[in-house]
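1. the sequence isn't on hand, but the structure is:
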């Protein structure tokens, strides 16, 4: 079984670009390269040649490096076939439930609309890794920029059902501290959330990226995955509401937080 090397590259104000390297084949992917310079710098430090770009969605802060990196390296740009017109230099379109090979590793594509209509997650089963872009964050989820609350609710539900609980989640931005603060306002009695809030604060104090947590931790602390929580429902004053209604109210409150 292959084991990929993972590098986390900070970019722009709070973006993350992920570099995946398969030593056996030499394949190297950049996931959501927002800007080329920090990616090129890290590639040079590691002595890796970029062979792939994985795009989770079309927003410029996730695709701004596509054109210059492809021009420099000739890498293959992977993205959702349903959003081909909006992903720069896309040359390997993939559909929902598509599976492709990166080096010696299989990658499964899950279409998860809500933040954008064409958002996808890349799931690498053998590595227990998922790259969720702006769909699922540490203790949060993306804003509803092109979809509905119901769509994003079902996209997140799909991820929680499709991915094993030990899957490590890597998202597109460092929003953990603000997300944790919001989560505590709606579920202050959640002991796991209280502990995680302190853990996040400690990581940020040490300038450590708050990424790569197991899905199990998200299920225990992410309010957007906890619409059945009695405490959340009581806090919102919506004890008998549907899960979709709870999700929509959480998203509305987070937007104003």
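-> Done, it's in. What you see is a predicted model, and the numbers here were worked out from it, not measured in a lab.
2. show the model's pLDDT score for the closest residue to residue 112 other than its chain neighbours.
-> If you skip the residues right next to it in sequence, residue 112 has residue 155 as its closest partner in space, 3.7 Å away by C-beta to C-beta, 6 or more residues apart in numbering. (Each C-beta comes from the backbone N, C-alpha and C, glycine too.) Looking at residue 155, its pLDDT reads 98.
3. residue 155 and residue 184, how far apart?
-> Note on residue 155: its distance to residue 184, by C-beta to C-beta, to the nearest Å, is 24 Å.
4. so how many other residues sit close to the nearest residue to residue 148 once chain neighbours are set aside?
-> Distances taken as C-beta to C-beta, 6+ apart place residue 114 nearest to residue 148, at 7.3 Å, with adjacent residues excluded. Other residues near residue 114 come to 25 when the count uses other C-beta atoms under 10 Å.
5. in a helix, that's where residue 114 is, yeah?
-> No. Under DSSP: H, G, I helix; E, B strand; the rest coil, residue 114 sits outside any helix and is assigned coil.
6. for it, grab phi and psi.
-> In terms of degrees, to the nearest 10, the main-chain angles of residue 114 are phi 150, psi -60.
7. which residues are in contact with it?
-> Residue 114 is in contact with 135, 141-142, 144, 146-149, 151-153, 155-156, counting by C-beta atoms under 8 Å, 6 or more residues apart in numbering.
8. what about stretch 169-182, how long is it end to end?
-> Stretch 169-182 has an end-to-end distance of 20 Å (C-alpha to C-alpha, to the nearest Å).
9. buried residues in that stretch?
-> 169, 170, 171, 172, 173, 174, 175, 176, 177, 179, 180, 182 (16 or more other C-beta atoms under 10 Å).
10. how close does the residue nearest to residue 148 get to residue 230?
-> 25 Å.
11. among residue 155 and residue 184, which residue is more densely surrounded?
-> residue 155 (24 against 18).
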